[in-house]
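Trainee: structure for this input, please:
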Amino acid sequence: MDDLAWETTDSAIDYRCPGFDVRRDEVGFPDDGEGEYHYVDEPPAVVVLPLTPDGDVVVIDEWRQAVGRTNRGLPAGTVEPEDRDDLERAAARELAEETGYEAAGFERLTTVEPANGVTNAVHHHFLATGCEPTADRDLDRDESIAVETVPYDDLLASVVDDGLRDGRAVTAVTWYELLYR
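Mentor: Down below sits the predicted model:
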């Protein structure tokens, strides 16, 4: 597949903002042509499917400015530099910060590139089990989040009936179904 590879001859940040940058690469194409390619450059993230001891799911409802509505989803967030070698620690931190829950254990579900045509984002999905509300929430200034628990089967049904539209949450539920049910 090396014959499909583009050669990056230069790279620069065109725009910086909290959470991501917009990067511009000067590239050479396999057919000897040249061009520019712009994409969202963002750090890796973790996504957590948190199950309580009773099998319910801890979900969040969060305002999403890009789509102009409150969106149901799962705890998720950026992997901080100190967590790059310990993704479970990043998952535990995001779970506690966004929901106030802590887990008895974590298992990796999958790692995906959710939109690799427009971003270099990498999402590491985890299953968190034995989740109990024992931590203090610590929301970022730009997070508007409500927390509740729902029966797992209700969350699964919302994947099928388009009630759950957050791609990270849909991916986590789908992988949980594939691996554990």
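
Trainee: switch to C-alpha atoms for all contacts and neighbour counts from now on
Mentor: OK.

Trainee: could you chop this structure up by domain?
Mentor: 2-41, 45-180 (automatic domain parsing).

Trainee: out of those domains, which is the most enclosed?
Mentor: domain 45-180 (a mean of 17; mean count of other CA atoms under 10 Å).

Trainee: re the thing from before, turn the domains of the chain into TSV, including mean pLDDT.
Mentor: Below are the domains of the chain laid out as TSV (pLDDT from 0 to 100):
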stretch	mean pLDDT
domain 2-41	95
domain 45-180	96
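
Trainee: got the end-to-end distance for stretch 139-150?
Mentor: 21 Å (CA to CA, to the nearest Å).

Trainee: same check, this time on stretch 2-9
Mentor: Across stretch 2-9, first to last residue, CA to CA, it's 16 Å.

Trainee: which residues touch stretch 127-142?
Mentor: 48-53, 96-109, 172, 176 (CA atoms under 8 Å, 6 or more residues apart in numbering).

Trainee: what does stretch 22-39 give?
Mentor: So stretch 22-39 is contacted by 3-16, 40-41, 117-120 (CA under 8 Å, 6+ apart).

Trainee: can you list the strands that the strand ranked longest in the chain pairs with?
Mentor: The residue-count maximum for a strand in the chain (DSSP state E) belongs to strand 7-17. Its sheet considered, strand 7-17 pairs with strand 20-28 (antiparallel) by DSSP bridges.

Trainee: tell me the helix or strand right after the strand it pairs with.
Mentor: Along the chain past strand 20-28, the next helix or strand (assigned with DSSP states H and E) turns out to be strand 34-41.

Trainee: where along this structure do the strands fall?
Mentor: Under DSSP E, the chain gives strands at 7-17, 20-28, 34-41, 45-50, 56-64, 69-73, 76-78, 105-112, 123-129, 145-151.

Trainee: could you dump those to a markdown table with distance to residue 86?
Mentor: Shown next, in a markdown table, are those (distance: least, CA to CA, whole Å):
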| stretch | distance to residue 86 |
| --- | --- |
| strand 7-17 | 26 |
| strand 20-28 | 21 |
| strand 34-41 | 21 |
| strand 45-50 | 11 |
| strand 56-64 | 22 |
| strand 69-73 | 23 |
| strand 76-78 | 13 |
| strand 105-112 | 12 |
| strand 123-129 | 11 |
| strand 145-151 | 25 |
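
Trainee: looking at those strands, which is closest to residue 167?
Mentor: Ranking these by distance to residue 167, with CA to CA as the measure, places strand 69-73 first at 8.6 Å.

Trainee: and the closest one, which strands flank it?
Mentor: Partners of strand 69-73 in its sheet, by DSSP bridges: strand 56-64 (antiparallel).

Trainee: so what touches the strand it pairs with?
Mentor: Contacts of strand 56-64 (CA under 8 Å, 6+ apart): 49-52, 69-75, 99, 143-152, 155.
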